[in-house]
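# What follows is a protein structure lacking sequence information:
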């Protein structure tokens, strides 16, 4: 199913999108990747959702990605005597580890790591930043803070510490259990929440051991401070603007979004922009004009994917929301100024043979105005390198590995086809041109650029570019149909994606 757009759409699954047949409607509307939020999803529910995704992919003979999003460390207040308490600006408030119900002067905070790390001057943000306190003293009895912004404190409200780097892993015990479930279900991407440092990603990768790609969510100031190391360690990234806007001044978020997008694109790794993109469509059939501009900005910046959260998980109009996001993206990508904006970011040259091949493929396609770039790829790295250049034409990833095709569903501009490795160079060209022709990417007389590695079928060996023009049979010029053993065009070989075992 060809999308006719290059940015991808990630849709979060939830009660609004779990009814029989609804997930297929979301896919048809434009969703390329489905996110399972493990914060609110049991193992049994996740199993059912992933099985639905694989069934829809098999039915439509295409690749759909699954992103399992881990909750990460969440810090919450204890409980209050009356369930809530009012605190006023200028008052002194204390946090301790007593475990006893709180009052308007104190509350228990059952997280020892906070007491070990917080320092005077650090800010404490409660209930998504609605209440703010500044630490003035840390002693054996606990943490003493001054109320900066007052309000109602209530049971189990979340607390965050934007100035504090906590000596803890980004994987909690719940996350480890959810990670094990996600890997057993065959998730293509694992999202790590509240990443603080590159070591958090490295730790997760050791556990995952190549069974899924790791998407680091950038939502803490400490991650911004170490963004270069995090970009180097991760496979992909998400600008999680909700929590980032709580822990940092909200006016900084747009600039940080552009900076992170630029760095991820420079590294040739997918970047997702998320949170509140079409928030009003949770309850309204139409978005605000500001939300439309927000989505458009991410597309103009060349983000790989844009994500819906509550809009598709619990909203009243999940299908309409995806259709709207699809229309916005397609409109932006056909705007006369799109190419100038998306290429305003200079992509640094990488001194590797594969990156040189990708850059050359882009240069050739621009010079000769060919119809498509086709990349034979086992791991997906070649297709990623070509997509990094943001060419103004379709990029088709040809791979024999279903997992590779599913991971690439998150990447800008890449259409994937599951097909066996070619037998030789002549077969490689015939197969590529036939697939492009049958898929409607190229017409007779038009050319395609093909990248591959020699010897064929060797992962990580991209070292060749081939330019081919297609005749009226969908074959490279100079090849008659009877040259092919089948007596006609090479059929597009697509393997049915495996279902999750029940």
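Nice, I can see it. Remember, predicted model here, so these are calculated numbers, not experimental data.

# so how far is residue 187 from the residue lying closest to residue 99 once chain neighbours are set aside?
Once flanking residues are discounted, residue 99 sits nearest to residue 108: 5.2 Å by C-beta to C-beta, 6 or more residues apart in numbering. (Glycine included, C-beta is placed from N, CA and C.) The gap separating residue 108 from residue 187 is 36 Å, by C-beta to C-beta, to the nearest Å.

# Also residue 26?
On the measure of C-beta to C-beta, residue 26 and residue 187 end up 18 Å apart.

# So residue 108 and residue 187 - more neighbours on which side?
Between residue 108 and residue 187, residue 187 has the larger neighbour count (other C-beta atoms under 10 Å), namely 26 against 18.

# ok, and the closest non-adjacent residue to that one?
residue 68 (4.1 Å).

# and the one you found, helix, strand or coil?
strand (DSSP: H, G, I helix; E, B strand; the rest coil).

# Count the neighbours of it for me.
Residues near residue 68, counting by other C-beta under 10 Å, number 27.

# I figured it was touching residue 190, is that so?
Yes - with contact defined as C-beta atoms under 8 Å, residue 68 counts as touching residue 190 (5.7 Å).

# Tell me the residues that contact both of these two, please.
Both residue 68 and residue 190 are contacted by 179, 182, 212, under the criterion C-beta atoms under 8 Å, 6 or more residues apart in numbering.

# Looking at the residues you listed, which are in helices?
The members of the shared contacts of residue 68 and residue 190 that map onto helices under DSSP state H are 179, 182.

# C-terminal to the strand or helix carrying residue 327, what's the next element?
Counting by DSSP states H and E, the element that carries residue 327 is helix 318-333. Once the chain leaves helix 318-333, the next helix or strand it forms, by DSSP H and E, is helix 338-342.

# quick one: buried residues of that next one?
Residues 338, 342 are the ones in helix 338-342 that count as buried (16 or more other C-beta atoms under 10 Å).

# contacting residues around it?
299-302, 332, 390, 392.

# tell me the mean pLDDT for that helix?
Helix 338-342 carries an average pLDDT of 93.

# helices or strands next to the following helix or strand past it in the packing?
Following helix 338-342 in sequence order, the next helix or strand is helix 353-368 (DSSP H and E). Contact here means 3 or more C-beta pairs under 8 Å, 6 or more residues apart in numbering; DSSP states H and E; on that basis helix 353-368 packs against strand 372-376, helix 381-388, strand 447-453, strand 462-469.

# Excluding chain neighbours, what is closest to residue 169?
Closest to residue 169 by C-beta to C-beta, 6+ apart is residue 203, at 6.1 Å.

# What is the burial count for that neighbour?
Applying other C-beta under 10 Å, we find 15 residues neighbouring residue 203.

# Reduced to three states, what does it come out as?
helix.

# So it sits against residue 171, correct?
Yes - judged on C-beta under 8 Å, residue 203 makes contact with residue 171 at a distance of 6.7 Å.

# can you tell me how far residue 76 sits from residue 109?
Counting by C-beta to C-beta - residue 76 and residue 109 are separated by 8 Å.

# So between these two, which is more surrounded?
residue 109 (24 against 14).

# how about low-confidence regions in the chain?
Low-confidence segments of the chain, defined by pLDDT under 70: 1, 457, 460, 473-475, 477-502.

# and it, what are its domains?
With domains defined by automatic domain parsing, the chain comprises 8-73+169-335, 84-160, 353-483.

# starting at the chain centroid, how far to the longest one?
What that stands for is domain 8-73+169-335. Remark: domain 8-73+169-335 is offset 4 Å from the chain centroid, using C-alpha atoms, centre = their mean, to the nearest Å.

# The residue nearest to residue 187 pairs with what?
Under DSSP bridges, the beta-bridge partners of residue 68 are residue 36, residue 190.

# and it, what does it touch?
Counted by C-beta under 8 Å, 6+ apart, residue 68 has contacts 35-36, 38, 46, 178-179, 182, 185, 187, 189-191, 212.

# name the element the residue nearest to residue 332 when sequence neighbours are not counted belongs to?
Leaving out its chain neighbours, the residue that sits closest to residue 332 by C-beta to C-beta, 6+ apart is residue 299, at 4.3 Å. Here residue 299 sits within helix 289-300, counting by DSSP H and E.

# continuing past that helix, what's the next helix or strand?
That would be, after helix 289-300 and using DSSP H and E, strand 305-308.

# partners of that following strand in the sheet?
When DSSP bridges is applied, strand 305-308 pairs with strand 8-13 (parallel), strand 271-274 (parallel).

# Reformat those strands as JSON lines; add distance to residue 116.
Below are those laid out as JSON lines (distance: least, C-beta to C-beta, whole Å):
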{"stretch": "strand 8-13", "distance to residue 116": "34"}
{"stretch": "strand 271-274", "distance to residue 116": "31"}
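
# Select, out of those strands, the one closest to residue 155.
Between residue 155 and the strands paired with strand 305-308, the tightest spacing by C-beta to C-beta is seen for strand 8-13, at 26.6 Å.

# The closest one relative to helix 289-300, how many degrees between them?
130 degrees (axes from the mean of the first three to the mean of the last three C-alpha atoms, to 10 degrees).

# Please renumber the chain so that the first residue is 874 from this point on.
Got it, the first residue is 874 from now on, which makes the last one we talked about strand 881-886.

# Give me the contacts around strand 881-886.
890, 896, 899, 903-910, 914, 922, 940, 1145, 1147, 1177-1186, 1191, 1195, 1198-1199, 1202, 1282-1285.

# State the distance from residue 928 to residue 1311.
24 Å.

# Including distance to residue 1216, could the domains of the chain go into JSON lines?
Output for the domains of the chain, formatted as JSON lines (distance: least, C-beta to C-beta, whole Å):
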{"stretch": "domain 881-946+1042-1208", "distance to residue 1216": "8"}
{"stretch": "domain 957-1033", "distance to residue 1216": "37"}
{"stretch": "domain 1226-1356", "distance to residue 1216": "6"}
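
# and residue 1199, how far is that from residue 1263?
Residue 1199 is 19 Å from residue 1263, by C-beta to C-beta.

# wait, residue 1061
22 Å.

# now do residue 1303
For residue 1303, the distance to residue 1263 - C-beta to C-beta - is 29 Å.

# Check residue 1010 too.
Taken as C-beta to C-beta, the span from residue 1010 to residue 1263 is 52 Å.

# more crowded one of those two?
Using other C-beta under 10 Å as the criterion, residue 1010 and residue 1263 rank with residue 1263 on top: 18 against 13.

# residues contacting that one?
879, 1138, 1175, 1215-1216, 1220, 1285-1286.

# Can you select the buried ones among these for me in PyMOL?
Burial among the contacts of residue 1263 is assessed by 16+ other C-beta under 10 Å; the matching PyMOL selection reads:
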select buried, resi 879+1138+1175+1215+1220+1285+1286
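
# among the contacts of residue 1263, which two are most distant?
Going by C-beta to C-beta, the pair spanning the contacts of residue 1263 furthest: 879 and 1220, at 15.4 Å.

# need the contact list for the spatially most central residue of the chain.
By C-alpha atoms, centre = their mean, the chain has its centre lying nearest to residue 1145, at 4.3 Å. Residue 1145 makes contacts with 883, 1088, 1109-1112, 1176-1180, 1283, as judged by C-beta under 8 Å, 6+ apart.

# Mind doing that once more with 7 Å?
Taking C-beta atoms under 7 Å, 6 or more residues apart in numbering as the criterion, residue 1145 is in contact with 883, 1111, 1176-1178, 1180.

# Which secondary structure state does residue 1088 sit in?
strand.

# First-to-last residue distance for stretch 960-973?
18 Å (C-alpha to C-alpha, to the nearest Å).

# What's the separation between the residue nearest to residue 1042 and residue 1087?
Distance from residue 1076 to residue 1087, by C-beta to C-beta: 10 Å.

# Verify the contact between residue 942 and residue 1062 for me.
No - judged on C-beta atoms under 7 Å, residue 942 makes no contact with residue 1062 at a distance of 8.8 Å.
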